[in-house]
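Asker: model the following, please.
(chains A, B, C and D)
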There are 4 protein chains.
Amino acid sequence: MYVAVIGGQVCSPEEERIAYEVGLHLAKSGAVLVCGGLGGVMEAACKGAKEAGGVTIGILPGPFRSDANPYVDYAIATDMGQARNAIIIRTVDAVVAVGGEYGTLSEIALALKMGKRVVAISSWEIRRRGVPDDRILNADDAAAAVKMAVGQ
Amino acid sequence: MYVAVIGGQVCSPEEERIAYEVGLHLAKSGAVLVCGGLGGVMEAACKGAKEAGGVTIGILPGPFRSDANPYVDYAIATDMGQARNAIIIRTVDAVVAVGGEYGTLSEIALALKMGKRVVAISSWEIRRRGVPDDRILNADDAAAAVKMAVGQ
Amino acid sequence: MYVAVIGGQVCSPEEERIAYEVGLHLAKSGAVLVCGGLGGVMEAACKGAKEAGGVTIGILPGPFRSDANPYVDYAIATDMGQARNAIIIRTVDAVVAVGGEYGTLSEIALALKMGKRVVAISSWEIRRRGVPDDRILNADDAAAAVKMAVGQ
Amino acid sequence: MYVAVIGGQVCSPEEERIAYEVGLHLAKSGAVLVCGGLGGVMEAACKGAKEAGGVTIGILPGPFRSDANPYVDYAIATDMGQARNAIIIRTVDAVVAVGGEYGTLSEIALALKMGKRVVAISSWEIRRRGVPDDRILNADDAAAAVKMAVGQ
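Answerer: Numbering: from 1, shown residues only, chains lettered A, B, ... in the order given. Below you'll find the predicted structure:
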């Protein structure tokens, strides 16, 4: 199973801690962690996954593998800017969003469009024409989020 | 000025009427209309733009120009699936969303990330960690939406 | 009919003259000219097409429409670097190569793979395992190249 | 070091044997093998790499990880058709081409444009305006090709 961890390149210490734990639990579950390969939530999640012996893949927006954070095992240099978000989401079975800015929201939306499971911790809520959309699953902590993402 | 009209490939008669009027007003304002090139909101907007003598560009997800709706003047065949959404948003100065599904939400999010103006009619609301995000400008009708989009 | 004119961003005065004439003849034939939107062969071809009242589309590698040469009517900002070459070739029915560097060769190769007609003036020859490949049609001048490209 | 092995999805038994050996030698050198993830040369190379305990990454043109050949360790589903060729080449430090059709030629050309080392076995020769271009390094067998690719 491949699971994306998505969230801001800049994030709060609390989000960093949660992302680290999401990475840790994903690795323990045996899932491959896929992310955008940069800092913030992405780096914290990769760090957690590596601590638990997991595998991490970073799909980068720029042209250089060397832009990947130090906890990325395998870096893909797309040189495609934000279009690389679509590759991240296509590649995974489920997504865990931790906090996040508009880039994260674009990935959540693509995941819902592509029928991938989306679990969120302190992330976006969405409403269409005034009606809350409940396709985003909300989790209270990292352990619960990973359980929901990997379908246990 | 280039403005994207985004929304569902399947839409209600009301959304179709609004999209048509958005296209009409955009053409009158002199803006080039950019869209995903397919049916529903995209087709209705292109039809409106053509009726007012405007120019329409369709950036298609598939490999064939012939998939464009009949009101697209210039079709671009990307063969890149949802990654083409990023090209639509990069190319334009502003976005008008009419209704819309998750694909539309992904485009709204990319537009906000890229700092493009986003105007919505009966479309998505977004909240982050419980707090409504007011970067999406809401318009009541097509004329108002186009005024806001072209900055008049 | 959509025809791509491909070639170097830096080119010789002779290639510039030929590209200009290719653009001129394409416009007279009624074809839409598609190119990478930048300078050199691309700019000269667009200039020729505009002089003859044609329409030009520039599919740019970077994120800004403003990078297009002044003879591009409609600019698409892909922000996808060299991956935009695949969009240019997908979008057209035929390709005219004028001189050109490795980027041009990559476009010729994609066009052959996608089954698009390829006409070359002073451009690349290709041989596979020692055997010349004759799928690239060679033309002596711009008028002949355009005739071959538009299939007259 | 990341090295791409490129070549036809359909190939001769001889090319298959060579690709297998290229994979084997790449894995022994410690390089990560990157390829398009499908059959033919790609599958044979991955098989060779796995036999020698290497790591293989497949960057697929379609939307499903399950399209990867059974010797791909990590599959990336781009859903971007031929535009994924640009991602393969961006991601690697060097390329080994075994035989190959037009898709392979497009990757060789992109690699030369991006300044990556290109080693070819029974693959394409290219000539510009009648002059052979000698940027493609020719190797007689898999062991020599891998030595040249990894710069030993």
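Asker: and chain A, which of its residues are near chain D?
Answerer: When proximity is defined as Cβ under 8 Å from any Cβ of the partner chain, chain A approaches chain D at A:2, A:32, A:55, A:57, A:59, A:63, A:65, A:74-80, A:86-87, A:90-91. Backbone N, C-alpha and C define where each C-beta goes, glycine included.
Asker: can you list which of the residues you listed are found in helices?
Answerer: Secondary structure from DSSP state H places A:86-87, A:90-91 of the residues of chain A next to chain D in helices.
Asker: make CSV out of those residues and add neighbour count.
Answerer: Putting those into CSV (neighbours: other Cβ atoms under 10 Å in any protein chain shown) gives the following:
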residue, neighbour count
A:A86, 30
A:I87, 27
A:R90, 25
A:T91, 26
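Asker: show me which of those residues neighbour chain B.
Answerer: Within those, those near chain B by Cβ under 8 Å from any Cβ are A:86-87, A:90.
Asker: how far away from the center of its chain is the lowest-mean-pLDDT helix or strand in chain A?
Answerer: Lowest by mean pLDDT, DSSP states H and E among the helices and strands of chain A is strand A:131-132, with a mean of 91. Computed by Cα atoms, centre = their mean, to the nearest Å, the chain-centroid distance of strand A:131-132 equals 24 Å.
Asker: what do you get for stretch A:2-15?
Answerer: Relative to its chain's centre, stretch A:2-15 lies at 6 Å (Cα atoms, centre = their mean).
Asker: and stretch A:124-141 with chain B, contact?
Answerer: Yes: Stretch A:124-141 comes into contact with chain B (Cβ under 8 Å from any Cβ), by way of A:124-130.
Asker: ChimeraX command to pick out the buried ones of the residues you listed?
Answerer: Remark: buried members of those, expressed as a ChimeraX selection using 16 or more other Cβ atoms under 10 Å in any protein chain shown:
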select /A:124,125,126,128
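Asker: JSON lines for the residues of stretch A:124-141 next to chain B, including pLDDT and secondary structure?
Answerer: Putting these into JSON lines (pLDDT from 0 to 100; DSSP: H, G, I helix; E, B strand; the rest coil) gives the following:
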{"residue": "A:W124", "pLDDT": "95", "secondary structure": "strand"}
{"residue": "A:E125", "pLDDT": "93", "secondary structure": "strand"}
{"residue": "A:I126", "pLDDT": "95", "secondary structure": "strand"}
{"residue": "A:R127", "pLDDT": "94", "secondary structure": "strand"}
{"residue": "A:R128", "pLDDT": "90", "secondary structure": "strand"}
{"residue": "A:R129", "pLDDT": "82", "secondary structure": "coil"}
{"residue": "A:G130", "pLDDT": "83", "secondary structure": "coil"}
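Asker: turn the residues of stretch A:124-141 next to chain B into a markdown table, columns for distance to D:K147.
Answerer: As requested, these are exported to a markdown table (distance: Cβ to Cβ, whole Å):
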| residue | distance to D:K147 |
| --- | --- |
| A:W124 | 51 |
| A:E125 | 56 |
| A:I126 | 54 |
| A:R127 | 60 |
| A:R128 | 59 |
| A:R129 | 63 |
| A:G130 | 65 |
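Asker: which one of the residues of stretch A:124-141 next to chain B is nearest to D:E16?
Answerer: The shortest approach to D:E16 among the residues of stretch A:124-141 next to chain B belongs to A:W124, at 48.6 Å (Cβ to Cβ).
Asker: can you pull out the helices in chain A?
Answerer: Taking DSSP H to define them, one finds helices in chain A at A:13-29, A:41-51, A:84-91, A:102-113, A:142-150.
Asker: among those, which is nearest D:A149?
Answerer: Short answer: helix A:84-91, nearest of the helices of chain A by Cβ to Cβ, at 25.6 Å.
Asker: for the closest one, packing partners?
Answerer: For helix A:84-91, the elements it packs on are strand A:2-7, strand A:32-35, strand A:56-60, helix A:102-113, helix B:84-91, strand D:74-77, judged by 3 or more Cβ pairs under 8 Å, 6 or more residues apart in numbering or on different chains; DSSP states H and E.
Asker: mind putting the ones you listed into JSON lines with mean pLDDT?
Answerer: Below are the helices and strands packed on helix A:84-91 laid out as JSON lines (pLDDT from 0 to 100):
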{"stretch": "strand A:2-7", "mean pLDDT": "98"}
{"stretch": "strand A:32-35", "mean pLDDT": "98"}
{"stretch": "strand A:56-60", "mean pLDDT": "98"}
{"stretch": "helix A:102-113", "mean pLDDT": "97"}
{"stretch": "helix B:84-91", "mean pLDDT": "98"}
{"stretch": "strand D:74-77", "mean pLDDT": "98"}
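Asker: kindly reformat the ones you listed as JSON lines containing distance to B:A97.
Answerer: Listed next are these as JSON lines, based on distance: least, Cβ to Cβ, whole Å:
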{"stretch": "strand A:2-7", "distance to B:A97": "22"}
{"stretch": "strand A:32-35", "distance to B:A97": "28"}
{"stretch": "strand A:56-60", "distance to B:A97": "27"}
{"stretch": "helix A:102-113", "distance to B:A97": "12"}
{"stretch": "helix B:84-91", "distance to B:A97": "11"}
{"stretch": "strand D:74-77", "distance to B:A97": "28"}
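Asker: of all those, which lies closest to C:C11?
Answerer: Comparing the helices and strands packed on helix A:84-91 by Cβ to Cβ, helix B:84-91 comes nearest, at 26.4 Å.
Asker: of the ones next to chain B among the ones in helices among the residues of chain A next to chain D, just say which sits nearest to A:G100.
Answerer: A:A86 (16.5 Å).
Asker: would you mind measuring from the closest one to B:T104?
Answerer: In this view, A:A86 and B:T104 are 15 Å apart by Cβ to Cβ, to the nearest Å.
Asker: over to A:P61?
Answerer: 22 Å.
Asker: more neighbours, those two?
Answerer: B:T104 (26 against 19; other Cβ atoms under 10 Å in any protein chain shown).
Asker: beta partners of the residue nearest to that one when sequence neighbours are not counted?
Answerer: Among residues not flanking B:T104 along the chain, B:I6 sits closest, at 5.0 Å (Cβ to Cβ, 6 or more residues apart in numbering or on different chains). Bridge pairing for B:I6 (DSSP bridges) gives the partners B:A97.
Asker: in this structure B:I6 contacts B:V98, no?
Answerer: Yes: when contacts are counted by Cβ atoms under 8 Å, B:I6 is listed as touching B:V98 (7.5 Å).
Asker: hey, what's in contact with both of those two?
Answerer: B:V41 (Cβ atoms under 8 Å, 6 or more residues apart in numbering or on different chains).
Asker: pull the contacting residues for A:G30.
Answerer: Going by Cβ under 8 Å, 6+ apart, A:G30 touches A:M1.
Asker: OK, contacts around the nearest residue to A:T78 once chain neighbours are set aside?
Answerer: Leaving aside its chain neighbours, A:T78 sits nearest to A:R84 (4.3 Å; criterion: Cβ to Cβ, 6+ apart). Residues near A:R84 by Cβ under 8 Å, 6+ apart: A:36, A:59-61, A:78.
Asker: by neighbours, which of these wins?
Answerer: Going by other Cβ under 10 Å, A:T78 tops those with 32 neighbours.
Asker: can you check the pLDDT for that residue?
Answerer: On the pLDDT scale, A:T78 is placed at 98.
Asker: same question for A:Q152.
Answerer: With respect to pLDDT, A:Q152 has a value of 68.
Asker: what's the burial count for the nearest residue to A:C46 once chain neighbours are set aside?
Answerer: Once flanking residues are discounted, A:C46 sits nearest to A:Y71: 3.4 Å by Cβ to Cβ, 6+ apart. Neighbours of A:Y71 under the rule other Cβ under 10 Å: 22.
Asker: what of the one 4 residues further on?
Answerer: The local packing count at A:A75 equals 21, with neighbours defined by other Cβ under 10 Å.
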